[in-house]
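Visitor: I'd like to go over a predicted model; first the sequence, then the structure.
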Amino acid sequence: MIYTVTFNPSLDYIVSVEDFKLGLTNRTSSELMLPGGKGLNVSMVLGNLGIENTALGFEAGFTGKEIIRRVEKMGVRTDFIPIENGISRINLKLKSIDGTEINGCGPYIDEAALKKLMEKLDALEEGDVLILAGSIPNSMPDDIYKKIMARLQGRGVMIVVDATRDLLVNVLEYHPFLVKPNNHELGEIFKTELRTREEVIPYARKLKEMGAVNVLVSMAGEGAVLVAEDGTVQEAPAPKGKLINGVGAGDSMVAGFIAGWLEKKDYRHAFCMGVSAGSASAFSEMLATKEEIETVYKQVIGE
């Protein structure tokens, strides 16, 4: 079974505003509300690919119930822990001003709730896949990913980590099967700026030397790079298509890679599936469907 963990899920309110002006009343020209959070995005794309999985995490208030309702409507199984106080966050994403977002902080997660999550993770067995993705609430210890990996060490669980800075670096000693920074996040770790695939490769190798089994680096319009377990390097330019919504593209890449790996145990196929899923989501208003991913896949492999 594949499990994802989303510590801070959200309702993403995605709006377009024509000619946005500060200090004045602005009206939307389009709006869309979707369940969000990196782990949930991975779960939803896996579900679109027909791969059964369970989404774990925390939910609070009316927004938490709505997140679960929407995710389950998409066919994803959830096993969220309810938090009595606060509400799950709402993130405002202003589509017409690229990259402009206002993200909520989410509810306070206490020790009792965290203990319940750990008990759920204790049930994971050899051959299971665990995907830890995204930011954590301020109320949680910043080494939580490391604690989870230490707890599961030696159990035969394949662990994927999609996180930034210390959350990512701190887990490398436990040899996660896959880490997926983007080029900016990779550059932040090593205090440098990485613009091209050629510049990314040596730093991806450094993460592998630090303990990661596979390092997949997403680069938006520049494509992607994989430094694989067997030492090979895969790279690809971004597939051709119109960028419609970049939200969730990196999470879709994780889902595509894992789906591809589980299907054929071949890193080239897994990489191409990751690139295809990430790009297909970027080319769509919603997270990519199986058909959309398959269409982009043909372009990536040159059919």
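Guide: That came through fine.
Visitor: next up, phi/psi of residue 133, please.
Guide: phi -140, psi 140 (degrees, to the nearest 10).
Visitor: likewise for residue 10?
Guide: Here is the backbone geometry of residue 10 (degrees, to the nearest 10): phi -150, psi 160.
Visitor: what's the local residue count around residue 112?
Guide: 10 (other Cβ atoms under 10 Å). Glycine gets a C-beta too; all of them are placed from N, C-alpha and C.
Visitor: now name the helix or strand holding it.
Guide: Residue 112 belongs to helix 111-121 when elements are defined using DSSP states H and E.
Visitor: for that helix, the distance to its chain's centre please.
Guide: 21 Å (Cα atoms, centre = their mean, to the nearest Å).
Visitor: tell me the contacts of the residue nearest to residue 114 when sequence neighbours are not counted?
Guide: For residue 114, ignoring the flanking residues on the chain, the nearest one in space by Cβ to Cβ, 6 or more residues apart in numbering is residue 140 at 7.0 Å. Residues near residue 140 by Cβ atoms under 8 Å, 6 or more residues apart in numbering: 7, 109, 114.
Visitor: which of those residues lies closest to residue 245?
Guide: residue 7 (23.4 Å; Cβ to Cβ).
Visitor: is it true that that closest one touches residue 109?
Guide: Yes: under the criterion of Cβ atoms under 8 Å, residue 7 makes contact with residue 109 at 7.2 Å.
Visitor: re earlier: quick check: buried residues in the helix holding residue 112?
Guide: For helix 111-121, a neighbour-count test (16 or more other Cβ atoms under 10 Å) marks 113-114, 117, 121 as buried.
Visitor: which residues sit against it?
Guide: Here helix 111-121 has contacts from 3, 5, 56, 58, 79, 81, 83, 130, 140, 144, 148, 151-152, using Cβ under 8 Å, 6+ apart.
Visitor: looking at the residues you listed, which are in helices?
Guide: Judged by DSSP state H, helices contain the following of these: 144, 148, 151-152.
Visitor: per-residue confidence for the residue nearest the centre of the chain?
Guide: Centroid-nearest residue in the chain: residue 251, 3.1 Å away (criterion: Cα atoms, centre = their mean). pLDDT recorded at residue 251 is 95.
Visitor: and it, its phi and psi?
Guide: Main-chain torsions, residue 251, degrees, to the nearest 10: phi -70, psi -40.
Visitor: tally of neighbours for residue 108?
Guide: 15.
Visitor: any idea how far residue 64 is from the closest residue in space to it that isn't next to it in sequence?
Guide: Spatial nearest neighbour of residue 108, chain neighbours left out: residue 139 (4.6 Å); criterion: Cβ to Cβ, 6+ apart. Separation of residue 139 from residue 64 (Cβ to Cβ, to the nearest Å): 15 Å.
Visitor: can you check residue 13 too?
Guide: The gap separating residue 13 from residue 64 is 15 Å, by Cβ to Cβ.
Visitor: hang on, the earlier thing: and the ones in helices among the contacts of helix 111-121, which of them are buried?
Guide: Applying 16+ other Cβ under 10 Å to the ones in helices among the contacts of helix 111-121, the neighbour count classes 144, 148, 152 as buried.
Visitor: now that the last one has come up, it's in contact with residue 171, right?
Guide: If I follow you right, that is residue 152. No: Residue 152 is not in contact with residue 171 according to Cβ under 8 Å; the separation is 11.0 Å.
Visitor: common neighbours of those two, please.
Guide: With contacts defined as Cβ under 8 Å, 6+ apart, the residues adjacent to both residue 152 and residue 171 are residue 159.
Visitor: before we move on, back to that, what's the closest of the contacts of residue 140 to residue 175?
Guide: residue 7 (22.0 Å).
Visitor: got the contact list for the closest one?
Guide: By Cβ under 8 Å, 6+ apart, the residues touching residue 7 are 39, 57-58, 109, 134-137, 140, 144.
Visitor: what of residue 281?
Guide: Residue 281 makes contacts with 45, 245, 248-249, 251-252, 287-288, as judged by Cβ under 8 Å, 6+ apart.
Visitor: could you pick out the one among the ones in helices among the contacts of helix 111-121 with the lowest pLDDT?
Guide: Within the ones in helices among the contacts of helix 111-121, residue 144 has the lowest pLDDT, namely 92.
Visitor: how near is that one to residue 68?
Guide: As judged by Cβ to Cβ, residue 144 and residue 68 stand 22 Å apart.
Visitor: for residue 86, which non-adjacent residue is spatially closest?
Guide: Leaving aside its sequence neighbours, residue 86 sits nearest to residue 107 (Cβ to Cβ, 6+ apart; 3.1 Å).
Visitor: on the pLDDT front, check that neighbour for me.
Guide: pLDDT at residue 107 comes out at 92.
Visitor: in three-state terms, label it for me.
Guide: Taken by DSSP: H, G, I helix; E, B strand; the rest coil, the conformation at residue 107 corresponds to coil.
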